[in-house]
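Asks: sharing a model that was predicted from the sequence below.
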Amino acid sequence: MPISIFQLPRELCMLILDQIPDHALFHLSATCRAYRTELAPRLFRTIRFRNDANSATSALLAAKKFGQLTEKLTFAHVAGGAKDCVPLLASPVLLSATRNLLRGLDLPKLQTIELMLETHESSHHQWKVQTLALLATTEHPAETADAEDKYEWRALLNEAYAAISMNTTISELIMDVFFPINVSALYSRGFRDLLGRLESATITLASPESYGGRLDTFQYHGYTGFLAKLSHVFFLHMRKLQKLKLRAAFAVPLGGVWPHSIVLSLPPESLPQLTLLKLENCFLSSELLEFIKAHKDTLRHVDMHNCAADFSGSRGDLEGPLPRETWAYFFLEIWTLQPPALIRFDVEYSYDILVELFWDWEPSEFADLNEKAAEQAAECMAHNLLADTNRNIFSYATLDMGFGNLIVHRYINRIQATESKDAIAISCYSGS
C-alpha cells in the first residue's frame, strides 16, 4: 500500500524535501490539500518577484494569503535593455504591487529583503555608453534627479529604495548586486532611518565590467568616488548593525596603500554594535586595522575571504615587502591588542590565482636547470609548500596604476610561504 512522504519520520521527510527545487515543490503542493498545507510554510517563507504585472500581482496575492509565513522577499531586476536608453513615457515605474510588497504590506513577519539588480547579458550599446560615462564623473544631485525622471532603470532604483525605506519590519538588507551610483532615495531621511534599524547587511559591489567597462578602474572617478563615501551613504547610519558582509568586485579590491588603492570606507566611529565583519576581495589596510581596534569590545568574528596584503613593490620584488605590508604585521597588531570579544578570525581563498606561487616557471629560481627540469622543480616546490599543513599561504597583490587591474605577486607569495613569517604570526594569535 503506497504511503505519503509525510508519513515518513519528520527528519527524513525534511531531508528529502531539501533536495527538491522550489518549482517542483509548487507542483507537488498542487496535487492535494494535505501536501499544500504541509508545504506552504516552506514555499512561502521566501517570495520572489519582478517588476512586471504577472510576477508582482501573483506575489502580492501570495502575500495576502500566506503573508504570516513569509520571512524574506527577493526582488529581481535586470537593467541594460533598449528601453533603459530612451526617456520615460510614464511614471512611476514601480508597479503598485511591487511597491506594496517592498513596503511590507500584509507581511507582518518579514525580516529580510534581497535586491538582485543585474545587467542584461546583451546590454544595449547606448546604455553601456551612458552608464560608463556616469561612472567616469561625479554626478551632481540635480543631475541624479533629472536622470531618475528620464530613464527607467534609474527611476526604478530610486523608487525601489524609497519603498523599502517605508518598511518597518525588516532587520536585514541584502544588496546583490549594488550599483555604486547616486540614487536620490539613498540620501533620504526615511532610508537612513531604515539603516538605523537594520541588524544585518550584505553589500555586493558591481565592477565597471558589469556595465561593459574595462578594468582601468582609476579612470572611473565617479565609481571610485562613490566607493570612498560608502560610510556616509550606509555605515555611519547603521547604529544597530551586528553583521556586515561587504563584497568588493574581485578585480577591484577595496583598501590598500595610497595612491594605488580604492578607499575602504570603514571609519572607526561607524557600526558601534558590530559583532561579525566579513570582507571579500579587499586589501589589508591601516583603515581596516583601526576599525578592528575601535571595535575590539564587540567584534566576535572577522572573516577575510579572497583578501590580500597590498604589496606595492616599492623596494623591488626581489627585496620583498616592507614589514607594514605583510600579513604578519597585521596579525601581530591584532594579537598585541588582545581584543576581548574576538573568538574567531578566518582567512580563506576560493580563487586559486590569489595564492599561486609561480608564474609558469621562473628561471631566476632554477637558473642552472634546463626549461623542463626547472618547470618540474617549480611544480615540486609548489606541491611541497601547499602540502605542508604548518605553512599557511597568504596572498600578496596590488592594483596596477596604469590599468587599475589586480596583479598577484606570486614571487612574494612564495617567499613569504617559504619563510613562514605570516604563518608564525597567525599561529601566535591562534594560540593566545
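Replies: Done, it's in.

Asks: surely F331 and N392 touch.
Replies: No: at 10.2 Å, F331 does not count as touching N392 under the criterion of C-beta atoms under 8 Å. The C-beta positions use only the backbone N, C-alpha and C, and glycine is treated the same way.

Asks: shaky segments in the stretch 251-400 of the chain?
Replies: 259-260, 313-320, 358-391 (pLDDT under 70).

Asks: swap the cut-off to 80 and go again
Replies: 257-261, 312-323, 357-392, 400 (pLDDT under 80).

Asks: which residues in it form strands?
Replies: Counting by DSSP state E, counting those that start in this stretch, the stretch 251-400 of the chain has strands at residues 276-280, 301-305, 308-310, 344-348, 395-399.

Asks: let me see the contact set for L299.
Replies: 274-277, 292, 339, 341-342 (C-beta atoms under 8 Å, 6 or more residues apart in numbering).

Asks: ok, now with 6 Å
Replies: With contact set as C-beta atoms under 6 Å, 6 or more residues apart in numbering, L299 has these partners: 341-342.

Asks: could you check how far it is from K109?
Replies: L299 sits 30 Å away from K109, going by C-beta to C-beta, to the nearest Å.

Asks: same thing with L102?
Replies: Where K109 is concerned, L102 sits at a distance of 16 Å (C-beta to C-beta).

Asks: do L241 as well
Replies: For L241, the distance to K109 - C-beta to C-beta - is 21 Å.

Asks: the more surrounded of the two?
Replies: Per other C-beta atoms under 10 Å, whichever of L241 and K109 has more neighbours is L241, with 26 against 13.

Asks: just the pLDDT at I16, thanks.
Replies: Looking at I16, its pLDDT reads 75.

Asks: check F178 too.
Replies: 92.

Asks: wait, what's in contact with it?
Replies: Taking C-beta under 6 Å, 6+ apart as the test, what F178 contacts is 203, 205.

Asks: list the beta-bridge partners for T112.
Replies: Beta-bridge pairing of T112 under DSSP bridges involves K72, E172.

Asks: kindly report the same for the one 4 residues further on.
Replies: Partner residues in beta bridges with M116, using DSSP bridges, are A76.

Asks: wait, isn't it in contact with A76?
Replies: Yes: using C-beta atoms under 6 Å, M116 is in contact with A76, at 4.2 Å.

Asks: quick one, helices of the stretch 251-400 of the chain?
Replies: For the stretch 251-400 of the chain, applying DSSP state H, counting those that start in this stretch gives helices covering 286-294, 327-337, 371-387.

Asks: no wait, the stretch 101-250 of the chain
Replies: Counting by DSSP H, counting those that start in this stretch, the helices of the stretch 101-250 of the chain are 125-136, 141-150, 152-164, 189-197, 221-228, 230-233.

Asks: just name the most buried of the ones you listed.
Replies: Comparing the helices of the stretch 101-250 of the chain by mean neighbour count (mean count of other C-beta atoms under 10 Å), helix 152-164 comes out on top with a mean of 23.

Asks: got the angle between that helix and helix 141-150?
Replies: 100 degrees (axes from the mean of the first three to the mean of the last three C-alpha atoms, to 10 degrees).

Asks: which strands and helices lie in contact with helix 152-164?
Replies: helix 96-103, helix 141-150 (3 or more C-beta pairs under 6 Å, 6 or more residues apart in numbering; DSSP states H and E).

Asks: CA atoms only: put the first one into CSV for me.
Replies: Included here for helix 96-103 are C-alpha records, laid out as CSV according to Å, rounded to 0.1, in the frame of the first residue of the first chain:
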residue,chain,number,x,y,z
SER,A,96,1.8,49.4,-7.2
ALA,A,97,2.0,45.7,-6.3
THR,A,98,5.8,45.8,-6.3
ARG,A,99,5.7,48.9,-4.1
ASN,A,100,3.3,47.4,-1.6
LEU,A,101,5.5,44.3,-1.3
LEU,A,102,8.7,46.2,-0.7
ARG,A,103,6.9,48.3,1.9
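
Asks: pLDDT averaged over that helix - what is it?
Replies: 96.

Asks: list the helices and strands it packs on?
Replies: Using 3+ C-beta pairs under 6 Å, 6+ apart, helix 96-103 sits against helix 53-66, helix 152-164.

Asks: can you give the distance of it from its chain's centre?
Replies: 25 Å (C-alpha atoms, centre = their mean, to the nearest Å).

Asks: what comes up buried for that helix?
Replies: Buried residues in helix 96-103, counting neighbours by 16 or more other C-beta atoms under 10 Å, are found at 97-103.

Asks: try stretch 104-112
Replies: Neighbour-count burial for stretch 104-112 [16+ other C-beta under 10 Å]: 104-107, 110, 112.
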